[in-house]
Every structure is written in C-alpha cells, then in structure tokens.
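[1] Dropping the sequence and predicted coords here.
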Amino acid sequence: MTPAPLLTPAPIAVALDAPDLETAARWAALVTPHVSTVKVGLELYLRYGPDVIASVRGASGVQVFLDLKLHDIPNTVAGASRAVSRLRPAILTVHAAGGPAMIRAAVEAADPQTEIAAVTILTSLSEADLARIGLEGPADDAVRRLAALSVESGAKGLVCSPNEVSAVRAEVGEGITLITPGVRPTGVDAQDQARVATPERALADGADLLVIGRPITASPDPGAAAAAIASSLRRAS
Ligand SMILES: O=C(O)c1cc(=O)[nH]c(=O)n1[C@@H]1O[C@H](COP(=O)(O)O)[C@@H](O)[C@H]1O
C-alpha cells in the first residue's frame, strides 16, 4: 500500500462547540490544515442558524459535519433533513433510536451528497445510565442492534464510541463510515464522556473519522493540538 503523503489532513472532525461565531471560525481556520473535517453542533447552529456553515467552511472549503442529532417523527425529520440539505453538509446526524422509518425519511430527503449518520448510543452514557433508560446489558449489544437497523434503513454512517467500533465493523462490514466521539489522548480527562479511548486505539480498531472537541479547542493553541494528534495518528498507522 502506498503511504499517505505526509501532509494529508488527519481523519478528525474537530467539534466546534464554541459560544460565538468568531471563536468557531478562528478554531476552524487554525485546525483545517491538519484535519479533514469540522463539526457544527447544536450550540452554534441554534445561535446562528445556517450562516454558520459558510463561516466555518471559510476559504479552505473544509468538509463540514452538521451534528443536529435529529430525532422526531419521520415526516418532521424528513422536513428538517430537506431544509438543511441546501447547506451541503458532508454529514448530518440523526438518532438511531428514532427508528427505521425516521432514518429512512432522513436519507430520502437529504441531498445525495450528504451522508446521514445515525448516532447509536451517546458516548456520555455509561452502562449504569443505559440500565436506567431500560437498555440493560453491555453497551455493545445496544450499539450493534442500532447500527444494524440504521444501515438497513439507509444510513451510510454510524456514530459510536471507540470501544464498540470493532464490533460495529464486524456487524455492518465495509463501506459504512464509522465515526467515533469519546476520544481522549492518553492522560486527558474524560470530562462528561463515559465510553472513551485514545485516538490511536480508535483508528486501529477501525474508526474512519474521530470526533475530537475539547482536547483540541480548550488548548491555548488549537492548531498545535490538532497537529500533534494528527502526527501521532500518522506515526501509529
Ligand atoms: O454525534 C456526535 O458527534 C456525538 C455523539 C456522541 O455519542 N457523543 C458525542 O460526544 N458527540 C459529539 O462529539 C463531540 C465531543 O466533544 P469532546 O467531548 O469535547 O471531544 C461533541 O460535539 C458531542 O456533541
């Protein structure tokens, strides 16, 4: 296999969970030489709406992941998916727990260039939390079940923790983008994340795109933090 050119951006989506647009755009500009993707979530989208996409895409034209985690009845999710499609995000999230008809509705309403990714079980939930919401047993079981139903319903991407990524790959095979938040470099606090692993582990276990927020954006130099994780991934692969 030909080694990747040294400066290929790493398969990382930096979560731009910023309180204001200027900060988000600054983070995006600092990290985009090093990473493939930036992620816009609820905090920014609910404050600024669709304009935020163009602001973070900036001059670099970096791939934008729109993480709205849609979860409603199929008709409503179809409308929302159609509404944001014109922004041409590369990825749009829905909650897998919305069920097959809802996932299918999101896929059918989206622009063909937008990949619908289904969030299986939030990485902030521990097995004790899962038991409290009626999902007793190993997280792996629920994640694999939701992954299979999402793919059957047309999702081309799945979001799970790095701890489940190899089980999910075995369940759904190649050709589905596996996206893992819950990523923490060695020694970095998990904060509100419950099911975590290092970036190197997530990639080795088969993740296609690592979502990383605060370990990069809370650094005094987000560009250097992104570059350090990207080069550590290159060394490990
Ligand atoms: O869909 C997501 O991106 C997502 C799913 C999930 O299960 N867990 C999760 O943390 N996320 C997002 O991934 C990002 C993680 O951020 P950090 O914990 O700061 O690295 C946040 O923007 C979350 O909204």
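    Happy to help now that I have it. Residues are numbered from 1 along each chain as shown.
[2] Write out the residues of the chain neighbouring the ligand.
    With CB under 6 Å from any ligand atom as the criterion, the chain meets the ligand at residues 15, 17, 41, 67, 69, 93, 119, 122-123, 159, 181-182, 193, 211-215. (C-beta placed from N, C-alpha, C; glycine too.)
[3] 5 Å instead, please
    15, 17, 41, 67, 93, 119, 122-123, 159, 181, 211, 213-214 (CB under 5 Å from any ligand atom).
[4] mind checking how far the helix or strand bottoming out on mean pLDDT in the chain is from the chain centre?
    Least confident helix or strand of the chain, by mean pLDDT, DSSP states H and E, is helix 51-57 with a mean of 93. Its chain's C-alpha centre lies 17 Å from the corresponding centre of helix 51-57 when counted by CA atoms, centre = their mean, to the nearest Å.
[5] so what secondary structure elements neighbour it?
    With contacts taken as 3 or more CB pairs under 8 Å, 6 or more residues apart in numbering; DSSP states H and E, helix 51-57 sits against helix 21-31, strand 35-40, helix 42-48, strand 63-70.
[6] And the third one, what does it pack against?
    Using 3+ CB pairs under 8 Å, 6+ apart, the elements in contact with helix 42-48 are helix 21-31, helix 51-57, strand 63-70.
[7] got the residue ranges for the strands in the protein?
    10-15, 35-40, 63-70, 91-95, 115-119, 157-159, 177-180, 209-212 (DSSP state E).
[8] possible to save these as a markdown table with distance to residue 229 and mean neighbour count?
    Converted to a markdown table, those look like this (distance: least, CB to CB, whole Å; neighbours: other CB atoms under 10 Å):
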| stretch | distance to residue 229 | mean neighbour count |
| --- | --- | --- |
| strand 10-15 | 7 | 25 |
| strand 35-40 | 8 | 25 |
| strand 63-70 | 17 | 22 |
| strand 91-95 | 20 | 24 |
| strand 115-119 | 21 | 26 |
| strand 157-159 | 19 | 27 |
| strand 177-180 | 13 | 25 |
| strand 209-212 | 7 | 26 |
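[9] Switch the ones you listed over to CSV, and while doing so, append mean pLDDT to every line.
    Formatted as CSV, those follow (pLDDT from 0 to 100):
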stretch, mean pLDDT
strand 10-15, 98
strand 35-40, 98
strand 63-70, 98
strand 91-95, 98
strand 115-119, 98
strand 157-159, 99
strand 177-180, 98
strand 209-212, 98
